[in-house]
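this one's structure only:
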């Protein structure tokens, strides 16, 4: 969308509001209609007091000579008519604003959803998931609430303010100055409060994101927290964040809460002054009794929009703070645009060769993880990648999948540089089975054929039979239609088999296994290992191994240490060298533990 290029990273209150208005641009014609309706609704309130003044004067003048009931009746009918028009206009304005608000929310959330898929993994490495979720939910809701409540209210308030001001001067300038004088005090107070409270609204939205991030992380690791008796420390951390949020919320709401009662006091003060000064003028014969009645209403109409503007200002502060977080997210640097890439590898035609050519990579300039890696994987080879923690095993796979850009060097698939291939094309060439299984809320069948079209039920069942998952699924009440998600219907090993079945359905030429058996028991490991052997057939496979006993039959074992390939060869060759691999392998039996 073109307008996204104009979005600037918010720096202050004005920029935050400006960005919100920029996102409302597609709805401007509906906003104009809503503004017109709000204006019509306010005009009826402005005209009313003048007509009430006429009725009052007719009654006062007619006490001695007789009241003109016909004229009063016609004025009353006129008043009822304009108030009905005002009520209908207000309803339509609110209906339009509610529609705009929902479309605005949908638009912003859609932008965030698209943005999430365009952000590099390094962003999520440094940002808590809960904080991102808070931007999608709480911050967007805060902005939407402002759009719904503020624009129509602001228009009607300004119309009432200016309209009542005009009518007051038209009716009596002395009483008009009395009312304005009292209201100026309110304006001055409102300006001071706004300047003091904005920083606390920003702080509140930040701490709300921190709190959501903490809750998401603690809940996802709830079992670990319980096992390690970490409840007390997590509660302490929660209380610290919660207290910071409480303090910022208390201060922001304290300042914003001052405005409404103070503006109410100013309104009542102007009401009293109008009555006192108006009574003195009436005694002198300067004004009629009807003017006093009209002015008491005008005083209310003049002070009411001041209170509403104060509320709008508070809402704008919250929305500006929320927009700062939302548009800060939307302005984050995205992955490189790949529209110019035209080279495409069809997975049906891929032979299966991958070459790493002097690959260097670091997450930042100061720390290089992969220093100089070169190797060739021939079609159908089973390549095992081993080494101590931090050696760069997973990083190497991330580079292969183009999750991160290579600092220097190159990776070639069938002789084609991955720099000349799109990420979508590369991802389509790989099956990936991770240590942490991922299943979503849906049926078992939906989970297996995830994002794959034209897959028959018979094909899925045949694959499940091949890896030993079919009889497990049939033991469930609804078989392949059984709904799963975060529930404990399937064990960890069964979920791992499901992800393997998903990979076999995808049927791509390359396979990445990131220690898919490390979280299952020995009996299940045998079942999963057989399934993985089926998955590896006729594919070039990369296996990140912690249990070295599982990769004895690998065609090539790459031993990484501190970002370098220190050894490579078959299992027997590396044991014969009696080097790093031999030490890693033998240490499993010496200490009776698994290498992590």
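Perfect, I can see it now. Nothing here was measured: the structure is a model prediction, and the numbers come from that model.

and the nearest residue to residue 129 once chain neighbours are set aside, what does it touch?
Distances taken as Cβ to Cβ, 6 or more residues apart in numbering place residue 216 nearest to residue 129, at 5.5 Å, with adjacent residues excluded. Quick note: C-beta positions are derived from backbone N, CA and C, even for glycine. Under the criterion of Cβ atoms under 8 Å, 6 or more residues apart in numbering, the contact list for residue 216 reads 128-130, 133.

Figure out the helix or strand that residue 216 lives in.
Here residue 216 sits within helix 173-220, counting by DSSP states H and E.

now swap in residue 142 and tell me
Here residue 142 is assigned to helix 140-171, by DSSP H and E.

Mind listing what's buried along that helix?
140, 142-161, 163-165, 167-168, 171 (16 or more other Cβ atoms under 10 Å).

picking up where we left off before, ok, the residue nearest to residue 129 to residue 346 distance?
Using Cβ to Cβ, to the nearest Å, one gets 40 Å for the distance from residue 216 to residue 346.

How about residue 475?
39 Å.

Next: residue 558.
Between residue 558 and residue 346 the computed distance is 28 Å (Cβ to Cβ).

okay, now the domains of this structure?
When the chain is parsed with automatic domain parsing, its domains come out as 2-330, 354-590.

now the first one: how far from the chain's centre is it?
It stands for domain 2-330. Its chain's average C-alpha position is 24 Å from that of domain 2-330, according to Cα atoms, centre = their mean, to the nearest Å.

for it, what is the average pLDDT?
When pLDDT is averaged along domain 2-330, the result is 77.

Now do the strands in this protein.
Assignment of strands within the chain using DSSP state E yields the ranges 354-361, 370-377, 382-386, 408-413, 416-417, 430-433, 442-443, 483-484, 510-514, 540-544, 556-561, 564-569.

Tell me the buried residues in the last one?
So that's strand 564-569. Buried positions in strand 564-569, judged by neighbour count with 16+ other Cβ under 10 Å: 565, 567-569.

Could you save these as CSV and add columns showing pLDDT?
Listed next are those as CSV, based on pLDDT from 0 to 100:
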residue, pLDDT
565, 78
567, 84
568, 84
569, 85
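
In JSON lines: the residues you listed, plus distance to residue 56.
JSON lines is the format used below for the buried residues of strand 564-569 (distance: Cβ to Cβ, whole Å):
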{"residue": "565", "distance to residue 56": "96"}
{"residue": "567", "distance to residue 56": "101"}
{"residue": "568", "distance to residue 56": "100"}
{"residue": "569", "distance to residue 56": "105"}
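
Tell me the pLDDT of the nearest residue to residue 438 once chain neighbours are set aside.
Distances taken as Cβ to Cβ, 6+ apart place residue 499 nearest to residue 438, at 7.1 Å, with adjacent residues excluded. At residue 499, the model reports a pLDDT of 85.

Would you mind confirming that residue 499 is in contact with residue 440?
No: taking Cβ atoms under 8 Å as the definition, residue 499 is not a contact partner of residue 440, at 11.6 Å.

contacting residues for the closest residue in space to residue 540 that isn't next to it in sequence?
Sequence neighbours aside, residue 352 is the residue nearest to residue 540 in space, at 4.1 Å (criterion: Cβ to Cβ, 6+ apart). Applying Cβ under 8 Å, 6+ apart, one finds that residue 352 lies in contact with 377-380, 414, 509-510, 539-540.

what about 7 Å?
Residue 352 sits next to 379-380, 509-510, 540 when contact means Cβ atoms under 7 Å, 6 or more residues apart in numbering.

hang on, the earlier thing: I'd like the strands of the chain as a markdown table, with distance to residue 577 appended.
As requested, the strands of the chain are arranged in a markdown table below (distance: least, Cβ to Cβ, whole Å):
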| stretch | distance to residue 577 |
| --- | --- |
| strand 354-361 | 21 |
| strand 370-377 | 17 |
| strand 382-386 | 14 |
| strand 408-413 | 26 |
| strand 416-417 | 33 |
| strand 430-433 | 30 |
| strand 442-443 | 49 |
| strand 483-484 | 46 |
| strand 510-514 | 25 |
| strand 540-544 | 20 |
| strand 556-561 | 10 |
| strand 564-569 | 7 |
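
Of all the ones you listed, which one comes closest to residue 342?
Of all the strands of the chain, it is strand 416-417 that lies closest to residue 342, at 11.9 Å by Cβ to Cβ.

quick one: contacts of that closest one?
Applying Cβ under 7 Å, 6+ apart, the contact partners of strand 416-417 are 343, 345, 410.

so the second one sits right up against residue 424, yeah?
It refers to residue 345. No: using Cβ atoms under 7 Å, residue 345 and residue 424 do not qualify as a contacting pair, with a distance of 11.3 Å.

Which one of those two is surrounded by more residues?
Here residue 345 and residue 424 are compared on neighbour count by other Cβ atoms under 10 Å; more neighbours surround residue 345, at 20 against 11.

mind listing what that one touches?
With contact taken as Cβ under 7 Å, 6+ apart, residue 345 is in contact with 413-414, 416, 421, 425, 429.

out of residue 558 and residue 346, which sits in the busier spot?
Each of residue 558 and residue 346 has its neighbours counted (other Cβ under 10 Å); residue 558 has more, 23 against 9.

Give me the pLDDT value at the more buried one.
At residue 558, the pLDDT value in this model is 86.

how close does it sit to residue 387?
With the distance defined as Cβ to Cβ, residue 558 ends up 8 Å from residue 387.

Same question for residue 531.
When residue 531 is compared with residue 387 (using Cβ to Cβ), they lie 25 Å apart.

Over to residue 108?
Taken as Cβ to Cβ, the span from residue 108 to residue 387 is 44 Å.
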